[in-house]
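**Q** Okay, structure incoming, though there's no sequence with it:
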């Protein structure tokens, strides 16, 4: 195999996007436990202006949106949906009050499918008839629907190892005291057994999370029972409700935060000196969302195709079973490289991240950040003591107002990086920003382009804005300033339409979704009196008093020019109809026509009319295919 000189430092395992996209470290199994008691079917809001919607439908809509997002972004994860406090029962343990929702050709805990999403989204229409709702915990009965739901959820999450699979149960309910109708020793015994069941699941590596729904007349008090069930500390109870959001529309966002947990990209070794090396984990904080990779399917079975590559000997036609060797021609000989030799040639450094020194933060400019940074955090999994050394380095950089310059060495793209320490930021709702370091990829000299001068002539005077124009522009910017602006507020319309069409095709919907383009200007905001007045003042300061009249005259001239063009084309088409141009071309009589008549044909067919008579005739013959 011939060796590409330009690709000598690359192989199939190299990637330019090693830190550009977050990589999934493992699969995730999630069981949704949805309360179906009669209280969940009470109105979620009391305002007459808002749409009447129950807590049950809020939970169904949130889970449906999460499944639609999950089937696109993380289709390998597996989910199960269970309703508790139900009239009917459907589970392998044959426990009362628990109904495991599923569709045909799918296991109870399996990857989400289009059929599951479609049927689950419309389950609210016939839920009472097919499944039904009732209180699973009532006075005088030993039935405990929450206990049964946790048992069924634990049984569903039995498959898979916790070493490479994350397992979770998410509870949706608006009842903070499910044992309120039970009193005395019976209540204490039922609470004790329920908490023990939750602890047994947590001991098996299963995380239990709660998404409470507050009723309009009262708030959800998590300290009654669920704080012990999900394992909240005393200081965490007070800020639990603010973290989940007070309004119902925040439920979808909170569920996405729980579904898309923080996952590390990879672990790397950080060499501080020749004798000190620590371990850090890298995380992708913000990355652009890209369309999914193309997956080739079989035209008959619709199953994914697996591509394989084989090498065939050009002389004998036999398959080569031995790994191919690479070579590079040098003079009259071929220099052969083994796989080990190529890996040694491509090795830039023995460590992935090496500290070089420190510089003041003033030396780091905004334009040095050309691509999204990567967040690094210490880990003691393989190198014990990494966290203590990292904390000492982190505190020193914050105290001295310095950033670290380091060498980040991968074979595809070795470069210098800046490590900027970030201090932890706390609020009443919990941690806002975690402590750690941002790894900023420093550009090469060619990546920084100098600003080109608009006027290169020595005697040319560049136009300058007057004080009045600067004042009017500043006033306009103040009027159009976006409060609390963030790039996360705007979605990519092309990407939203792409996934919207995929979703409509997968769910078998006849109509394509209407995607709102949030990048269009705010016409309502621009039409406000103060903003419109500031915009008009800016136009007058830059373009003069009569800019509207000049613009109208320009549009009128363009309109008149287009009308004249249409008239000329209509005249030319009328003149072209007098002759049979194909016969004239076959008999060689085009040369008998005048130049004006030839130009009529060219104008009617939107062809160039420049050139001598011979050029015009040749152009007509080419158009006629002669």
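**A** Noted; the coordinates are in hand. Because the structure is predicted, anything quoted here is derived from the model rather than measured.
**Q** Going by C-alpha atoms from here, please, whenever you check contacts or count neighbours.
**A** Fine.
**Q** can you list the domain ranges for the chain.
**A** With automatic domain parsing as the criterion, the domains of the chain are listed as 26-261, 264-448, 562-624.
**Q** Out of the ones you listed, which is closest to residue 486?
**A** Nearest of the domains of the chain to residue 486, taken as C-alpha to C-alpha: domain 264-448 at 12.2 Å.
**Q** Tell me the gap between the closest one and the middle of its chain.
**A** Using C-alpha atoms, centre = their mean, to the nearest Å, the mean C-alpha position of domain 264-448 is found 21 Å from that of the whole chain.
**Q** so how far is the first residue of that domain from its last?
**A** For domain 264-448, the first-to-last residue distance is 30 Å (C-alpha to C-alpha, to the nearest Å).
**Q** Show the average pLDDT along it.
**A** Averaged across domain 264-448, the pLDDT comes to 85.
**Q** which is the next helix or strand following the helix or strand hosting residue 129?
**A** Following DSSP states H and E, one finds residue 129 within helix 127-130. The helix or strand immediately downstream of helix 127-130 is helix 145-156, counting by DSSP H and E.
**Q** I'd like to know which elements that next one is packed against.
**A** Under the contact definition 3 or more C-alpha pairs under 8 Å, 6 or more residues apart in numbering; DSSP states H and E, helix 145-156 sits against strand 27-35, strand 78-84, strand 98-101, helix 184-203.
**Q** how close does residue 355 get to residue 405?
**A** 6 Å.
**Q** now do residue 103
**A** 55 Å.
**Q** Comparing the two, which residue is more hemmed in?
**A** Between residue 103 and residue 405, counted using other C-alpha atoms under 10 Å, the more crowded position is residue 405 (20 against 13).
**Q** Could you tell me whether that one really is in a helix?
**A** No: counting by DSSP: H, G, I helix; E, B strand; the rest coil, residue 405 falls outside a helix, being strand.
**Q** out of everything not next to it in sequence, what's closest to it?
**A** Of all residues not flanking residue 405 in the chain, residue 418 sits nearest, at 4.8 Å (C-alpha to C-alpha, 6 or more residues apart in numbering).
**Q** for the helix holding residue 129, the distance to its chain's centre please.
**A** Mean C-alpha position of helix 127-130 versus that of the full chain (C-alpha atoms, centre = their mean) differs by 36 Å.
**Q** try stretch 187-194
**A** 43 Å.
**Q** For it, buried residues please.
**A** Judged by neighbour count using 16 or more other C-alpha atoms under 10 Å, the buried positions of stretch 187-194 are 190-191, 194.
**Q** In TSV: those, plus distance to residue 153.
**A** Below are the buried residues of stretch 187-194 laid out as TSV (distance: C-alpha to C-alpha, whole Å):
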residue	distance to residue 153
190	18
191	18
194	13
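**Q** Can you convert the residues you listed into JSON lines and add a column each for pLDDT?
**A** Shown next, in JSON lines, are those (pLDDT from 0 to 100):
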{"residue": "190", "pLDDT": "88"}
{"residue": "191", "pLDDT": "89"}
{"residue": "194", "pLDDT": "90"}
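**Q** quick check, nearest of those residues to residue 368?
**A** Nearest to residue 368 among these, with distances taken as C-alpha to C-alpha, is residue 194, at 55.4 Å.
**Q** got a list of what the closest one touches?
**A** Counting by C-alpha atoms under 8 Å, 6 or more residues apart in numbering, residue 194 touches 146-147, 229.
**Q** Now name the helix or strand holding the residue nearest to residue 121 when sequence neighbours are not counted.
**A** Excluding the flanking residues, the one nearest residue 121 by C-alpha to C-alpha, 6+ apart is residue 64, at 6.0 Å. Using DSSP H and E, residue 64 maps to helix 55-73.
**Q** any idea of the angle that helix forms with strand 78-84?
**A** 170 degrees (axes from the mean of the first three to the mean of the last three C-alpha atoms, to 10 degrees).
**Q** Mind listing what's buried along helix 55-73?
**A** For helix 55-73, a neighbour-count test (16+ other C-alpha under 10 Å) marks 55-71 as buried.
**Q** Run through the stretch 1-150 of the chain and note the low-pLDDT ranges.
**A** Counting by pLDDT under 70, the stretch 1-150 of the chain contains low-confidence ranges at 1-26, 45-52, 72-73.
**Q** if we go to 50?
**A** By pLDDT under 50, the weakly predicted segments of the stretch 1-150 of the chain are 1-25, 46, 49.
**Q** any weak-confidence spans in the stretch 151-300 of the chain?
**A** 242-249.
**Q** need the strands for it, in chain order.
**A** Listed in chain order, the strands found in the stretch 151-300 of the chain under DSSP state E, counting those that start in this stretch are 165-173, 206-212, 266-271, 277-283.
**Q** residues making contact with the second one?
**A** Read that as strand 206-212. 154, 157, 166-174, 198, 201-202, 220, 226, 230, 244, 251, 255.
**Q** again, but for the longest one
**A** The set of residues that contact strand 165-173 without belonging to it, under C-alpha under 8 Å, 6+ apart, is 26-35, 40, 59, 153, 157, 205-213.
**Q** Can you select the buried ones from the residues you listed in ChimeraX?
**A** Of the contacts of strand 165-173, the buried ones can be selected in ChimeraX as follows, counting by 16+ other C-alpha under 10 Å:
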select :27,28,29,30,31,32,33,34,35,40,59,153,157,205,206,207,208,209,210,211,212,213
